[in-house]
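*Asks:* Sequence plus predicted model, see below.
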Amino acid sequence: MKRKTLLRHLLFPPIWLLLLLVLYSACSIPMIFVRRMEQTVFAYVSYAASFYTLAVLCIFFCTVFPKKYRAWKQALHGKPLAHRFLTDVPFRTHVLLYVSFAINLLYAGAHALSYTQSRSMWFVLLAVYYAVLAVMRFLLARRTKSLSSQYTRAILCACMLLTVNFVLSGAVLMILYVGKGFVYDGILIYVVAAYTFYFAVQAIRRLIRRRKSTDPVVRVADVISLSASLVSMLSLETAMLSQFGKDTPAQTKWLLIVLTGAGVSIAIITLSVLTIVRSVRERKYFLE
């Protein structure tokens with residue numbers, strides 16, 4: 001009986017202890033590689049702790065988390081505002097648009113500040129890109145009851161989305177010929193990769209689920225999210241090549257970046273044009 005209890009405590013530690021283990025692993029592993037401590041006792045202890053943490057996390061997310069998630073979701077449905085956020089798609093879209101607007105605005109300001117310190121046009125491109133995203137999301141987030149105004153904003157944002165291709169082209173050229181690009185040190189690149197793939201899958205999922213939606217704001221917001229996720233995939237590719245492709249021939253890197261950049265650009269243009277055409281048709285139909 002004691003063995004079963006001990007095993008249960010080992011496989012299902014308290015949440016506070018699990019968080020401490022995650023924090024310890026996230027801090028210790030990068031430090032080991034940065035300071036070249038691979039053969040030390042501290043490194044072996046950290047490896048064992050990291051393996052144990054990963055195993056416990058997998059067990060937690062497979063067994064405990066689904067039950068807790070359902071309980072948390074049920075509790076949230078008991079709150080009027082949370083219930084509306086979970087069930088009202090237009091309301092949730094507007095809230096997330098304001099959140100995304102604030103984040104994009106912060107990114108644009110941070111890169112503009114970086115330009116004043118380094119005088120690199122790379123930061124100008126990034127500042128313009130995030131500024132365009134912020135403007136589009138702000139226009140969509142502003143509430144209006146006029147259906148005509150909603151379609152007008154949807155069309156305007158889809159047209160603005162086409163300008164992202166100019167920024168994207170400039171970024172690709174700077175990556176190829178100036179040597180600029182995205183760099184994520186240590187374990188951060190894995191975190192960014194996981195977030196980027198999750199963001200892309202969720203954007204595709206939302207776009208497919210809401211493809212028949214009659215709300216132009218929701219549709220355009222989904223298109224913008226998918227376009228942003230595609231640009232993030234391109235930035236992740238450049239970071240991966242910088243981190244893991246040091247022995248890759250320059251021509252191969254050049255070809256990969258060009259093909260990915262062209263694919264992302266074509267996808268954004270296609271999504272923008274289809275959105276414009278559909279919005280124009282629906283506006284004529286609903287307002288006649």
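*Replies:* Perfect, I can see it now.
*Asks:* secondary structure class for the residue nearest to Val218 when sequence neighbours are not counted?
*Replies:* Counting by C-beta to C-beta, 6 or more residues apart in numbering, the nearest residue to Val218 once its immediate chain neighbours are dropped is Thr93, at 4.9 Å. The C-beta positions use only the backbone N, C-alpha and C, and glycine is treated the same way. Following DSSP: H, G, I helix; E, B strand; the rest coil, we place Thr93 in the helix state.
*Asks:* what's the neighbour count on Thr93?
*Replies:* Using other C-beta atoms under 10 Å, Thr93 is surrounded by 22 other residues.
*Asks:* my guess is it meets Ala221, correct?
*Replies:* Yes - with contacts counted by C-beta atoms under 8 Å, Thr93 reaches Ala221, the gap being 5.3 Å.
*Asks:* quick one, what contacts the residue nearest to Val218?
*Replies:* 215, 217-218, 221 (C-beta atoms under 8 Å, 6 or more residues apart in numbering).
*Asks:* With pLDDT added, can I get the residues you listed in TSV?
*Replies:* Formatted as TSV, the contacts of Thr93 follow (pLDDT from 0 to 100):
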residue	pLDDT
Asp215	81
Val217	83
Val218	84
Ala221	88
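*Asks:* Just the buried subset of those, please.
*Replies:* Buried members of the contacts of Thr93, counted by 16 or more other C-beta atoms under 10 Å: 217-218, 221.
*Asks:* how close does Leu271 get to Ile103?
*Replies:* Note on Leu271: its distance to Ile103, by C-beta to C-beta, to the nearest Å, is 21 Å.
*Asks:* higher neighbour count, the two?
*Replies:* Leu271 (21 against 14).
*Asks:* Any idea how far the lengthiest helix in the chain is from the middle of the chain?
*Replies:* For the chain, the longest helix by residue count, based on DSSP state H, is helix 250-287. Distance of helix 250-287 from the chain centroid (C-alpha atoms, centre = their mean, to the nearest Å) equals 18 Å.
*Asks:* How about stretch 241-257?
*Replies:* 23 Å.
*Asks:* Buried ones in that stretch, by neighbour count?
*Replies:* Within stretch 241-257, the residues that qualify as buried are 241-243, 253, 256-257, counting by 16+ other C-beta under 10 Å.
*Asks:* likewise stretch 32-47?
*Replies:* 32, 43, 46.
*Asks:* distance of the second one from Arg92?
*Replies:* Plainly put, Ala43 is 45 Å away from Arg92 if you go by C-beta to C-beta.
*Asks:* Export the contacts of Thr93 as JSON lines, with columns for secondary structure and distance to Asp247.
*Replies:* As requested, those are exported to JSON lines (DSSP: H, G, I helix; E, B strand; the rest coil; distance: C-beta to C-beta, whole Å):
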{"residue": "Asp215", "secondary structure": "coil", "distance to Asp247": "49"}
{"residue": "Val217", "secondary structure": "helix", "distance to Asp247": "47"}
{"residue": "Val218", "secondary structure": "helix", "distance to Asp247": "46"}
{"residue": "Ala221", "secondary structure": "helix", "distance to Asp247": "42"}
